[in-house]
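> sharing a model prediction with you, sequence too.
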Amino acid sequence: MFDWEVEEFQRDVHVLILGTLDAAKTYLSRELADNLAKTESDMEKATGAYHEHLVDLHIELRSYHSDQQRFVRNMAVVALASRLTHALHQMARS
């Protein structure tokens, strides 16, 4: 009786929620790698205050990446909870 709803739930979890999470994490990791590569390349050439600025920028990039990773994981948890609630309501109606 609930097989269809369970299948829909599993499909949504794997395709929509986990797929989106994976895509977001991949994008963020690529963006971080590109930005770090540019910053590290500039750091090798820089001296003085500009070098210190680039070191600070390097730290900020890693912190920003960490914050964004946490944000997309939290979005996935909210989406999962929402989808689970919806599935349970549908099952209760049935």
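Noted; the coordinates are in hand. Numbers count the residues shown, from 1 in each chain.
> for the residue nearest to the spatial centre of the chain, give me the pLDDT.
Nearest to the geometric centre of the chain sits Val72, at 3.6 Å (CA atoms, centre = their mean). With respect to pLDDT, Val72 scores 98.
> just give the nearest non-adjacent residue to Ser94, would you?
Spatial nearest neighbour of Ser94, chain neighbours left out: Met1 (6.3 Å); criterion: CB to CB, 6 or more residues apart in numbering. Bear in mind the C-beta positions are built from the backbone N, C-alpha and C, glycine included.
> and the one you found, how many residues sit next to it?
Met1 is flanked by 6 other residues according to other CB atoms under 10 Å.
> cool, Ala76 as well?
19.
> so how far is Leu54 from it?
33 Å (CB to CB, to the nearest Å).
> now swap in Arg83 and tell me
From Arg83 to Leu54 the distance is 43 Å (CB to CB).
> who's more crowded, the two?
It is Leu54, of Arg83 and Leu54, that has more neighbours when counted by other CB under 10 Å, with 19 against 16.
> what does the pLDDT read for the more buried one?
Taking Leu54 on its own, its pLDDT is 96.
> list the helices and strands the top helix by length along the chain packs on?
Using DSSP state H to define each element, the chain has its longest helix at helix 48-93. If you count contacts as 3 or more CB pairs under 8 Å, 6 or more residues apart in numbering; DSSP states H and E, helix 48-93 packs onto helix 3-11, helix 19-45.
> now that helix: how far from the chain's centre is it?
5 Å (CA atoms, centre = their mean, to the nearest Å).
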